[in-house]
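*Asks:* Okay, sequence plus prediction incoming.
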Amino acid sequence: MKIPFRYSLLKIRRTKIRYIVIHQTTCQYSDPSSKIDTSKFQIPGLVGNMFEKKQADINYHFVIDKLKDDYQVIMCRPFVTLCDYDDIDPDINNAAIHVAVMGNYDYKVPDLRLYEVIAYRLLNPLMKFLPITHHRIFFHHEISKDELETCPGAFMDKQKLVSMLKKFVIK
């Protein structure tokens with residue numbers, strides 16, 4: 001299946017990037033197949049929902065997925081574009097990079113390797129490149145107006161992520 005890129009439909013960022021927001025891939029899409037915790041079902045769910053919602057692209061800048069034996073960071077959308085989240089304050093949303101972890105962490109506990117990959121391969125390089133500290137990295141539920149939001153999942157541990165960020169600091 002070819003995915004058409006419709007950059008003319010993407011909103012362009014007009015502010016500096018000051019935040020990183022962490023999601024799980026099941027938080028945005030209502031299709032039940034995107035909620036099953038395996039990329040075999042989630043990737044078609046993401047792409048299918050993208051077409052159903054008539055979005056120009058997957059609504060995350062990065063997705064982290066387990067491919068074969070290790071987690072990989074996949075870039076989905078250019079930094080200059082915005083991701084659309086109605087439940088996040090526009091002042092934060094319009095200045096944020098959105099990162100999604102493939103999986104449903106309301107039902108399973110993420111392993112330590114996932115935290116290491118997020119910190120070492122993605123967040124620390126972004127923090128070095130952009131003026132962002134760990135105080136400006138949020139889980140979606142922390143900044144959502146929806147009080148029932150659990151994204152990136154009840155079992156994702158922010159303190160564990162912050163400790164990995166400190167462990168892998170790039171100087």
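*Replies:* Sure, I can see it.
*Asks:* Every contact and neighbour count from this point should use C-alpha atoms.
*Replies:* OK.
*Asks:* where does the chain have low pLDDT?
*Replies:* Scanning the chain for pLDDT under 70 picks out the ranges 1-14, 28-57, 170-171.
*Asks:* show me where it has strands.
*Replies:* Read by DSSP state E, the chain holds these strands, from start to end of the chain: 19-24, 62-67, 70-75, 96-101, 137-139.
*Asks:* Can you give the distance of the first one from its chain's centre?
*Replies:* Counting by Cα atoms, centre = their mean, to the nearest Å, strand 19-24 is centred 5 Å from the centre of its parent chain.
*Asks:* got the contact list for that strand?
*Replies:* Residues from elsewhere that reach strand 19-24 (Cα atoms under 8 Å, 6 or more residues apart in numbering): 92, 95-105, 132, 136-140, 151-153.
*Asks:* any idea of the angle that strand forms with strand 62-67?
*Replies:* Orientation note: strand 19-24 sits at an angle of 40 degrees relative to strand 62-67 (axes from the mean of the first three to the mean of the last three Cα atoms, to 10 degrees).
*Asks:* quick one, strand 19-24 and strand 96-101 angle?
*Replies:* Using the same axes, to 10 degrees: strand 19-24 against strand 96-101 is 20 degrees.
*Asks:* Alpha carbons of strand 19-24, as PDB, please.
*Replies:* Only the C-alpha atoms of strand 19-24 are listed here, as PDB (Å, rounded to 0.1, in the frame of the first residue of the first chain):
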ATOM      1  CA  TYR A  19       8.500  20.600  24.400                       C
ATOM      2  CA  ILE A  20       8.500  16.900  23.800                       C
ATOM      3  CA  VAL A  21       5.200  15.000  24.300                       C
ATOM      4  CA  ILE A  22       5.300  11.200  24.700                       C
ATOM      5  CA  HIS A  23       2.300   9.100  23.500                       C
ATOM      6  CA  GLN A  24       1.400   5.500  22.900                       C
END
